[in-house]
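A.B. asks: using only what follows, build the 3D model:
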Amino acid sequence: MEKLPNYLIDPIIHIALSEDIGQGDITTRLTCDDALIVKGELIAKEQGIICGLQVFARTFTLLDPAVDITFRVEEGVKLQKGTILADICGPARALLTGERVALNFLQRLSAIATCTARAAAQVRGSGAVITDTRKTTPGLRLLEKYAVRTGGGTNHRYNLSDGILIKDNHIKAAGGLAAAVDKARAGAPHTMRIEVEVETQEQVAQALASGADIILLDNMELEQIKEAVKKIGKKALVEISGNMGQKDLAAVAAAGVDLISVGALTHSVKAMDLSLKLTGPG
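C.D. replies: Residues are numbered from 1 along each chain as shown. Okay, here's the model as predicted:
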């Protein structure tokens with residue numbers, strides 16, 4: 001399974017720890033001796049795809065390198081309720097202080113991976129792929145897009161410099177769809193494709209005429225999608241977006257689209273229920 005470099009995840013973890021700890025964990029400092037070593041277990045309280053084990057462990061070791069975590073499961077596997085994911089041993093102060101931040105990361109990333117896996121299962125065998133959007137939690141995009149990949153989805157552009165996606169407001173600002181595409185092509189690197197978001201069949205025709213490489217059908221119903229796909233006729237990749245988290249993804253995929261972008265993968269998931277329980281002295 002993919003491993004993220006620590007130099008990228010450490011700043012994210014440091015911000016989260018600073019936010020949660022503030023000037024110090026006063027409860028833990030007053031109730032736990034500095035030398036106290038304890039054991040604990042990480043437990044799944046519901047079914048799902050586990051994601052974020054690396055970030056979970058790193059949160060504790062940044063607080064105290066003496067924390068030792070032995071995982072019983074691998075990243076990306078499907079867990080059943082009651083599964084013990086890891087055995088943990090280390091200084092009580094580090095475990096108690098880092099517990100909430102570590103679980104926050106793990107619960108959210110696992111929820112995203114689980115949601116993505118469900119979506120990917122609906123389109124399996126169709127040729128269509130599930131992709132994410134930029135509707136991510138500020139500061140957590142690196143981790144959330146990683147969770148999408150762990151769940152079996154793919155990533156859309158990471159940020160605004162990664163690709164050209166001409167949306168409705170770009171079209172208005174540029175003076176029309178064709179003008180927007182012409183301006184983008186004139187300044188774009190030869191290696192970069194141009195994607196255009198359209199809302200009507202007329203715009204589909206305009207995007208085709210302009211030579212767009214990818215046509216994004218926004219908020220279209222199934223029959224409209226089928227009509228657009230037929231009109232495009234493999235002359236461009238076809239992406240569909242717009243409340244896809246509430247749609248029959250199998251039916252959308254069967255309409256012949258190449259990409260299904262689902263913002264709900266990252267903006268609307270419910271955290272997976274996981275728990276860290278201390279079991280005794282270390």
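
A.B. asks: quick one: contacts for the residue nearest to D25 when sequence neighbours are not counted?
C.D. replies: Excluding the flanking residues, the one nearest D25 by C-beta to C-beta, 6 or more residues apart in numbering is T97, at 4.3 Å. All C-beta atoms are positioned from the backbone trio N, CA, C, and that covers glycine. Counting by C-beta atoms under 8 Å, 6 or more residues apart in numbering, T97 makes contact with I21, D25, T28, L63.

A.B. asks: got it, and K231?
C.D. replies: Residues near K231 by C-beta under 8 Å, 6+ apart: Q201, V204, A205, L208.

A.B. asks: show me which of these are buried.
C.D. replies: Burial by neighbour count, 16 or more other C-beta atoms under 10 Å: within those this picks out V204, L208.

A.B. asks: show me where the stretch 101-250 of the chain has its helices.
C.D. replies: In the stretch 101-250 of the chain, the segments counted as helices under DSSP state H, counting those that start in this stretch are 141-150, 168-174, 177-187, 201-210, 222-232, 249-254.

A.B. asks: partner strands of the helix or strand just after the shortest one, parallel or antiparallel?
C.D. replies: Read that as helix 249-254. Counting by DSSP states H and E, the element after helix 249-254 in chain order, helix or strand, is strand 259-261. Taking DSSP bridges as the criterion, strand 259-261 sits next to strand 129-131 (parallel), strand 237-241 (parallel) in its sheet.

A.B. asks: chain center to the last one, what's the gap?
C.D. replies: The offset between the C-alpha centroid of strand 237-241 and the centroid of the whole chain comes to 19 Å, using C-alpha atoms, centre = their mean, to the nearest Å.

A.B. asks: circling back: narrow the contacts of T97 to those in helices?
C.D. replies: Of the contacts of T97, the ones assigned to helices by DSSP state H are I21, T28, L63.

A.B. asks: which of those residues sits closest to N6?
C.D. replies: Taking C-beta to C-beta as the measure, N6 sits nearest to L63 out of the ones in helices among the contacts of T97, at 14.4 Å.

A.B. asks: done for today, thanks.
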